[in-house]
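Undergrad: Sequence first, then the predicted structure, then my questions.
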Amino acid sequence: ESSSKPESNKQEQPEESKPEEAPQPSQKPEENKQEKPAENQQETKPVEPAKPQKPQRTWEYQSGMSQELWNDFNAYRQSQGLNALNWSGKYAGWTKSHCEEMAQKQSGFHKSYPEGGQIVYDGTAYTSASSILNGFKNSPAHNKNMLDPDLTEGACAVYKDSNGRYYTVIGFDY
């Protein structure tokens, strides 16, 4: 009987020491560690929906399309028996600045140049150099300006915004 008592004491001690061991405290920090990343993930989720609202409309100069429009414009003049216009650095600066301002303001408008004049377009109906030129051809007032026999020099610029809208200026001088 005395030999069974120490055995029962030995059995009780390990049972008592098991609940007192470190697994419980070590489980709590693990739970806390799991909760912290979950909280961080929840914090980033509300930030993500705000991002699509932040992108702003942008616009970019269309160098290749501007050159193509200029070539098409001069080819059209020549097909009507008129001279091709010389590219003007002065008009290149004016038309590019004017066209960028139209893109920025989301509106086509005429501007007083120190010399000469211009034709302008803004919209989504014409999305290529040839379609923009055809739009000008189909407008009697624009067509008359493009076919003025006294024109000698000019330039053009095309911008496109992130919404797919085009802005075009062809400037010319006598």
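TA: Received the coordinates, thanks.

Undergrad: what about the helices in this structure?
TA: 4-20, 23-50, 63-79, 89-105, 129-137, 140-146 (DSSP state H).

Undergrad: If I average pLDDT within each of the ones you listed, which one is lowest?
TA: For these, the weakest mean pLDDT is recorded on helix 4-20, namely a mean of 43.

Undergrad: Okay, domains of the protein per the record?
TA: Taking automatic domain parsing as the criterion, the chain consists of the domains 4-53, 59-173.

Undergrad: Can you tell me who Gln118 pairs with across the strands?
TA: Gly171 (DSSP bridges).

Undergrad: wait, doesn't it sit right on Thr95?
TA: Yes - between Gln118 and Thr95 there is a contact under Cβ atoms under 8 Å: 6.8 Å. For the C-beta atoms, the positions are set from N, CA and C on the backbone; glycine is no exception.

Undergrad: so what sits against both of these two?
TA: Here Gln118 and Thr95 share the contacting residues 169-171, scored by Cβ atoms under 8 Å, 6 or more residues apart in numbering.

Undergrad: So how do I select the buried members of these in ChimeraX?
TA: Burial among the shared contacts of Gln118 and Thr95 is assessed by 16 or more other Cβ atoms under 10 Å; the matching ChimeraX selection reads:
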select :169,170,171
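
Undergrad: Closest one to Phe136 out of the shared contacts of Gln118 and Thr95, please.
TA: Ranked by distance to Phe136 (Cβ to Cβ), the shared contacts of Gln118 and Thr95 are led by Ile170 at 7.5 Å.
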